[in-house]
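Asks: need a structure here:
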Amino acid sequence: MTLNLGLMERSTILSSPRSIGNPIQELIRIFGFGLKNKTVKELRKNQCLTAKELAQRLKLDTIDILRIEDTKLKDIPEPLKSKITPILRGDDSDKMPWL
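Replies: Next up is the predicted model:
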């Protein structure tokens, strides 16, 4: 009987609307595990953004993005890092009204 209750609790947790998809991928997305060791170019391409699109979202010149593309996210100076991290993590795509 306890085993069934444990399975029922797990199934209700997994069927809740907040945990759609792989729970481990959700945790990675929320907490950003592994983002700091990847390059800006790799993270930008994972979000399907061009350098020009990323620059427009950050209100920067495209050349500024191209200069930092080969550096890891942890090596970027703090003011730019705090602006670029949510975009590269995909936080802004969650706020789109049609999704």
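Asks: Isn't residue 76 up against residue 84?
Replies: Yes - if you go by CB atoms under 8 Å, residue 76 and residue 84 touch, sitting 6.9 Å apart. Quick note: C-beta positions are derived from backbone N, CA and C, even for glycine.
Asks: Mind listing the shared neighbours of these two?
Replies: Taking CB atoms under 8 Å, 6 or more residues apart in numbering as the contact rule, residue 76 and residue 84 both touch residue 40.
Asks: Could you list the buried residues of stretch 84-92?
Replies: 84, 85, 87, 88, 89 (16 or more other CB atoms under 10 Å).
Asks: CSV for those residues, including secondary structure, distance to residue 43 and pLDDT?
Replies: Below are the buried residues of stretch 84-92 laid out as CSV (DSSP: H, G, I helix; E, B strand; the rest coil; distance: CB to CB, whole Å; pLDDT from 0 to 100):
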residue, secondary structure, distance to residue 43, pLDDT
84, helix, 9, 93
85, helix, 9, 91
87, helix, 9, 91
88, helix, 4, 90
89, helix, 8, 87
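Asks: Now flag whichever of those residues is closest to residue 41.
Replies: Nearest to residue 41 among these: residue 88, at 10.2 Å, using CB to CB.
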